[in-house]
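Trainee: give me a model of this one.
(4 chains)
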2 protein chains.
Amino acid sequence: MPTPAKTSTDEIVAAGRGLLEREGLDALTLKAVAEIVGVRAPSLYKRIGGRGDLVRRIVNVVSDELAAQLAAAPASADARDSLRGMVLAARAFALAHPHAYGLLFAPLPEDWGIDPDVNARISGIVIGAAGRVAGEDDALTAARLVVAWIHGFVTMELAGAFRLGGDVDGSFDYGIDALLRGIAQPG
Amino acid sequence: MPTPAKTSTDEIVAAGRGLLEREGLDALTLKAVAEIVGVRAPSLYKRIGGRGDLVRRIVNVVSDELAAQLAAAPASADARDSLRGMVLAARAFALAHPHAYGLLFAPLPEDWGIDPDVNARISGIVIGAAGRVAGEDDALTAARLVVAWIHGFVTMELAGAFRLGGDVDGSFDYGIDALLRGIAQPG
DNA sequence: ACCTGAACACCGTTCAAGT
DNA sequence: ACCTGAACACCGTTCAAGT
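Mentor: The predicted structure is shown next:
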């Protein structure tokens, strides 16, 4: 005899994400998730493969949301301003969701990587913007430069690595300006 | 009646580091460490505060070693080449010790941060090299740009985030060249 | 002074049993 | 078809007891 479902995969992922963002990765426990969705921990295995699979799903949702934020960043006639807006959006997202963002380039076990579709979508957005500044031939490699920098910057910022005083916002502005100078199409 | 010590804090930290580098963070278990140093897990608490404290100590040792590698990077009459050598050394270190490097800017619990002395030493080395390229006024902020970029780059590289083909080494070279152009002292 | 076994609370995960 | 309690293996950590 069938039993009515008490929860859903989406609800489980949402509950897990909330736990992660509010209390950090250590608090992301199957028991805690189960309690939120009104079920016992073993029942979660009907919908997710385990804790690792849950983390992977959360990372995908977060990546998807980051992609949307990047796509929604205000465009400008000046390609450099568009790229600048994208970088600002990424930093704002990271600071608003520190625990979730911290998982974005964390080495997930095995090949449980990010959904290739999501990855391609983010890449496409940044590569487009970078190409309009650096030139189409350098689009991919310029995008990698910008993404590596912004990711390293906010990671260090979130880790509290900028301890030597000075103006962190100032360092951010200096960074994006220097990058734009560096990748600007010669001629 | 005193009992002869079977191990030492240094031996424990070294065993933990070996475990981390060979098998990853999940394998860094107090039981496994204890077995290596020839003791039972509870005895470790005589010398370390717990697993978190052990991780913190390992991060400090690794940071110290990275500082030494940066300091040993070949200097050059051309300040840009010196900075380039430092970045190459950092990347080589990260690729040689992926698991250990991955902890460097990980948000450690509470204020269990890196030893301020070690942090200051690394910062001093990079700030010096960056200042010689960007000018003393911009030394700190230029160093942050370079460190954020190299950290983001190798983190993404280690996470397997550069999936869109192209030449990763080429992107690395492009990146450091663009950075040096961007921070070069105007005039 | 250092080490140990035993115990505790807490994980993720599996599975037979219930409806 | 979905849910549950019980069980298992494995954690980190504490502590009284041994030498």
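
Trainee: skipping adjacent residues, who's closest to the residue in chain A positioned nearest to chain B in space?
Mentor: Chain A approaches chain B most closely through residue A:152 (2.8 Å), counting by C-beta to the nearest C-beta. Using the backbone N, CA and C atoms, a C-beta is placed for each residue, glycine as well. Residue nearest to residue A:152 in three dimensions, not counting chain neighbours: residue B:152, with 2.8 Å by C-beta to C-beta, 6 or more residues apart in numbering or on different chains.

Trainee: who touches that neighbour in this structure?
Mentor: By C-beta atoms under 8 Å, 6 or more residues apart in numbering or on different chains, the contact set of residue B:152 is A:147, A:148, A:149, A:150, A:151, A:152, A:153, A:155.

Trainee: quick one, domains of chain A?
Mentor: What the record gives for chain A is the domain set A:1-48, A:59-183, from automatic domain parsing.

Trainee: which one of those is the most hemmed in?
Mentor: When the domains of chain A are scored by mean count of other C-beta atoms under 10 Å in any protein chain shown, the highest mean neighbour count falls to domain A:59-183 (a mean of 19).

Trainee: now do that one: distance from first to last residue.
Mentor: Domain A:59-183 has an end-to-end distance of 30 Å (criterion: C-alpha to C-alpha, to the nearest Å).

Trainee: does it reach DNA strand C?
Mentor: No. Judged by C-beta under 7 Å from any atom of the strand, domain A:59-183 and DNA strand C are separated, with a smallest distance of 9.7 Å.

Trainee: where do the strands sit along chain A?
Mentor: In chain A, no segments count as strands under DSSP state E.

Trainee: does chain B sit close to the helix or strand of chain A with the lowest mean pLDDT?
Mentor: For chain A, the helix or strand with the lowest mean confidence is helix A:116-134, at a mean of 94 (criterion: mean pLDDT, DSSP states H and E). Yes. Between helix A:116-134 and chain B, judged by C-beta under 8 Å from any C-beta of the partner chain, the touching residues are A:116, A:119, A:123.

Trainee: once you drop chain neighbours, what's closest to the last one?
Mentor: In other words, residue A:123. Distance criterion C-beta to C-beta, 6+ apart; nearest residue to residue A:123, sequence neighbours excluded, is residue B:164 at 6.0 Å.

Trainee: thought that neighbour was touching residue A:124?
Mentor: No. In this structure residue B:164 lies outside contact range of residue A:124 using C-beta atoms under 8 Å: 9.6 Å.

Trainee: residue of chain A nearest DNA strand C, please.
Mentor: Distances from chain A to DNA strand C, computed as C-beta to the nearest atom of the strand, single out residue A:50 as the nearest residue at 2.9 Å.

Trainee: got phi/psi on that residue?
Mentor: Reported as degrees, to the nearest 10, the phi and psi values for residue A:50 are phi 150, psi -170.

Trainee: measure it to DNA strand D for me?
Mentor: The span separating residue A:50 from DNA strand D equals 13 Å under the rule C-beta to the nearest atom of the strand, to the nearest Å.
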